[in-house]
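Engineer: Just a sequence and a predicted model for now, questions to come.
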Amino acid sequence: MALVNEHFLKLPDNYLFADIAKKVNAFKVSHPQADLISLGIGDVTRPVCPAVTEAMHKAVDELGRKDTFRGYGPEQGYAFLREAIVKHDFMPRGIRLDPSEIFINDGAKSDTGNIQELVRWDNSIGVTDPIYPVYIDSNVMIGRAGLVENGRWSNVIYMPCTAENNFVPQIPDRRVDIIYLCYPNNPTGTVISKDELRKWVNYALKNDTLIFYDAAYEAYIQDDDIPHSIYEIKGARKVAIEFRSYSKTAGFTGIRCGYTVVPKELTAGTLDGKRRISLHRLWYRRQCTKFNGTSYISQRAAEATYSPEGKEQVKATIGYYMENAGIMLETLTGLGLDVYGGRNSPYLWVKTPDGESSWRFFEQMLYNAHVVCTPGVGFGPSGEGYVRLTAFGDRGDCERAMERIMKRCI
Ligand code: PLP
């Protein structure tokens, strides 16, 4: 008899967005005429830019001709893209990486979920709370997170990020083997300063901790002094793996392409403490076994985001979303709400008025303003009392949603 991996059974059945969909459907049944606006789900809405579609057309044509056809590509990704990444994403920020340290993937979700395969099942993990659920769920599946009780996993160290600590997670007072950080943060939309990030890198160097740094939203950073990469901090190459994605940067949620940086200096110990093992070598081995590369078309599309036209067009789209964020921020703060994020990030994290629960405020927005948001508690215990709004919508929808919230909700 084949036996299941029972760790999967520990995962709660209901995924946050399925719960939201259920409540929205119930609303639609009783309000069939209502014109709902979603400021909830984290998908983009602007089309991919012309530089990208042109590159994809060209790549498709190449695949259709005998002399330019390509089959399997390198598991790690084509050199043309890895070289462009090093040149455009890192060199201008004074970061020296070798293209061989870049691993192209089909978006950051796969690698942020898979990366934990590199470390033993009994490593301790620390996460900022609230958090992008993939980090914890992927550890649950392998048995590393322990058991869930009152919305908390027994083997996970939660580092609360709330208005009370200005969304700056406190460095743990004990050793933790692995720390997940995500900046700009999903869901809170907050960022980390260089000084704060330096504290994490120094903690990791001192405690032999591995940092998984998710920078999927770095393209939204507007302020010059906010770090885009953990490698802007001295010593980070020894302790951190970084994840990037073209999904929110350039509208690739459907195309699928991202990358992971695994520096060659990064090592982890063996149980007997006698050897240090290169995580680059392990990840390369893992990818060669389980991954057959991102499509050539997606990689050419990603490369096109670095052309002069591509850069301009991508910047314009990000500018569009950030204008949405500005409109939302102004309206909601004008209503007296406490709103975080939205300045260097497409996410706004709104404190519910009068201490209402996340789900209660979600329903108020749904039934009074016909606007869908995401209850913060769905991202972790410290998300209770907040909701997340995203700036990824259409401008008209965003403005209409704000008008309705002004008139009917608060
Ligand atoms: N990391 C964070 C923090 C995210 O919010 C998302 C998507 O919402 C991802 C990673 C994964 O994005 P993708 O797989 O589309 O690159």
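Structural biologist: Everything's here; your move. Residues are numbered from 1 along each chain as shown.
Engineer: for the ligand, what are the nearby residues on the protein?
Structural biologist: Proximity of the chain to the ligand (CB under 6 Å from any ligand atom) is limited to residues 42, 107-109, 112, 132, 182, 186, 214, 216, 245, 247, 253, 258. In short, each C-beta sits where N, CA and C put it, glycine included.
Engineer: Filter the residues you listed down to the ones in strands?
Structural biologist: Cross-referencing the residues of the chain next to the ligand against strands under DSSP state E gives 182, 214, 245, 258.
Engineer: how much space between the closest residue to the ligand within the stretch 251-400 of the chain and Gly189?
Structural biologist: In the stretch 251-400 of the chain, no residue comes nearer to the ligand than Gly258, which is 4.4 Å away by CB to the nearest ligand atom. Using CB to CB, to the nearest Å, we find Gly258 at a distance of 20 Å from Gly189.
Engineer: if we can go back for a sec, check the residues of the chain next to the ligand and tell me the two furthest apart.
Structural biologist: Comparing all pairs in those by CB to CB, the longest separation belongs to Cys182 and Thr253, at 17.2 Å.
Engineer: Tell me which of those two has more neighbours.
Structural biologist: In this comparison of Cys182 against Thr253, neighbours counted by other CB atoms under 10 Å, the higher total goes to Cys182 at 22 against 17.
Engineer: List the contacts of that one.
Structural biologist: Counting by CB atoms under 8 Å, 6 or more residues apart in numbering, Cys182 touches 128, 131-132, 135, 213-216.
Engineer: Buried only: go through these for me.
Structural biologist: The neighbour-count test (16 or more other CB atoms under 10 Å) marks 128, 131-132, 135, 213-216 as buried among these.
Engineer: residue contacts, Asn105?
Structural biologist: For Asn105, the contacting residues are 77, 111, 257-260, 291, 294, taking CB under 8 Å, 6+ apart as the criterion.
Engineer: ugh, typo on my part, it should be Ile102
Structural biologist: When contacts are counted by CB under 8 Å, 6+ apart, Ile102 touches 76-77, 82, 85-86, 259-261.
Engineer: Give me the subset of those lying in helices.
Structural biologist: With helices taken from DSSP state H, the overlap with the contacts of Ile102 comprises 82, 85.
Engineer: And the contacts of Ile102, which is closest to Val140?
Structural biologist: Among the contacts of Ile102, Thr260 lies closest to Val140 (CB to CB), at 21.2 Å.
Engineer: Please enumerate the strands of the stretch 201-350 of the chain.
Structural biologist: 210-214, 240-245, 258-261, 267-269, 276-278, 339-341, 347-351 (DSSP state E, counting those that start in this stretch).
Engineer: Can I get the last one in CSV, CA atoms only?
Structural biologist: The reference is to strand 347-351. Presented in CSV, the C-alpha positions along strand 347-351 are these (Å, rounded to 0.1, in the frame of the first residue of the first chain):
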residue,chain,number,x,y,z
TYR,A,347,0.5,46.8,-1.5
LEU,A,348,-1.4,48.9,1.1
TRP,A,349,-1.9,47.5,4.6
VAL,A,350,-4.8,49.1,6.3
LYS,A,351,-5.6,49.0,10.0
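Engineer: helices or strands next to it in the packing?
Structural biologist: The criterion is 3 or more CB pairs under 8 Å, 6 or more residues apart in numbering; DSSP states H and E, and the helices and strands that strand 347-351 contacts are helix 308-334, strand 339-341, strand 386-390.
Engineer: Turn the ones you listed into JSON lines, columns for mean neighbour count and mean pLDDT.
Structural biologist: As requested, these are exported to JSON lines (neighbours: other CB atoms under 10 Å; pLDDT from 0 to 100):
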{"stretch": "helix 308-334", "mean neighbour count": "17", "mean pLDDT": "97"}
{"stretch": "strand 339-341", "mean neighbour count": "24", "mean pLDDT": "97"}
{"stretch": "strand 386-390", "mean neighbour count": "29", "mean pLDDT": "97"}
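Engineer: Dump these to a markdown table, plus distance to Ser100.
Structural biologist: Below are the helices and strands packed on strand 347-351 laid out as a markdown table (distance: least, CB to CB, whole Å):
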| stretch | distance to Ser100 |
| --- | --- |
| helix 308-334 | 24 |
| strand 339-341 | 35 |
| strand 386-390 | 35 |
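Engineer: Which one of those lies nearest to Glu149?
Structural biologist: Between Glu149 and those, the shortest gap by CB to CB is with strand 386-390, which sits at 22.0 Å.
Engineer: for the closest one, packing partners?
Structural biologist: Strand 386-390 makes packing contacts with strand 347-351, helix 358-364, strand 374-375 when contacts are defined by 3+ CB pairs under 8 Å, 6+ apart.
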